[in-house]
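**Q** got a structure for you, letters missing:
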């Protein structure tokens with residue numbers, strides 16, 4: 001596995017559009033150049049195996065996933081306490097493209113692990129959307145989820161290299177993405 005030339009760590013609240021932004025970047029750069037990695041994928045896969053659950057159903061935005069979300073968060077925190085890089089290492093396994101976009105960075109320990117391992121290739125991106133926009137995307141505050149470290153872990157302690165505002169203004173979003181893409185293309 002070759003190290004990436006550029007590695008973007010995306011973070012943001014639920015329904016801010018992190019996956020959408022990540023997929024836009026991959027689409028514009030092409031799948032041979034850019035891969036989207038998810039820390040939650042290895043977490044959900046391992047959790048499903050250990051708890052006899054349907055891994056595929058944990059991947060989508062379903063009531064099934066929401067049923068297990070709080071316990072999955074607790075379980076993931078236990079794994080991270082034992083080994084802070086556990087899910088990071090699993091997520092990058094097999095990635096070969098020169099640009100990696102991690103679409104669900106949630107904790108300072110994730111940022112620190114990627115910076116320690118990949119150094120200057122790493123940049124942080126906060127995807128922001130107003131609460132009103134998130135509600136239009138069917139976000140509803142859930143105690144124990146939206147106020148947990150998995151949602152608030154990067155609200156402080158990180159100076160983001162870029163903040164992408166994703167409130168539905170396509171032209172504004174396009175301009176912001178082009179700034180990121182210029183930097184990424186300069187690393188290739």
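**A** Cool, the structure landed. As the structure is a computational prediction, the values presented were derived from the model and not from experiment.

**Q** got the buried residues for the helix or strand of the chain with the lowest mean pLDDT?
**A** Within the chain, no helix or strand scores below helix 149-152, which has a mean of 78 by mean pLDDT, DSSP states H and E. Going by neighbour count (16 or more other C-beta atoms under 10 Å), the buried part of helix 149-152 is 149, 150, 151. Where C-beta positions appear, they are placed from N, C-alpha and C, glycine not excepted.

**Q** now the first one, nearest residue through space, not along the chain?
**A** Spelled out, that is residue 149. residue 107 (6.3 Å; C-beta to C-beta, 6 or more residues apart in numbering).

**Q** next one: phi and psi at the one you found?
**A** For residue 107, the backbone dihedrals (degrees, to the nearest 10) come out as phi -130, psi 150.

**Q** any chance of the buried residues of helix 149-152 in a markdown table, plus distance to residue 14?
**A** As requested, the buried residues of helix 149-152 are exported to a markdown table (distance: C-beta to C-beta, whole Å):
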| residue | distance to residue 14 |
| --- | --- |
| 149 | 13 |
| 150 | 9 |
| 151 | 6 |
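
**Q** quick one on the thing from earlier: what's in contact with the next helix or strand after the least confident helix or strand of the chain?
**A** Sequence-wise, the next helix or strand downstream of helix 149-152 (DSSP states H and E) is strand 162-165. The contact list for strand 162-165, computed with C-beta atoms under 8 Å, 6 or more residues apart in numbering, reads 21, 123-129, 172-173, 176-177, 179-180.

**Q** quick one, helices of the protein?
**A** Ranges of helices within the chain are 18-29, 40-51, 55-59, 63-82, 86-92, 108-118, 131-136, 149-152, 170-187, based on DSSP state H.
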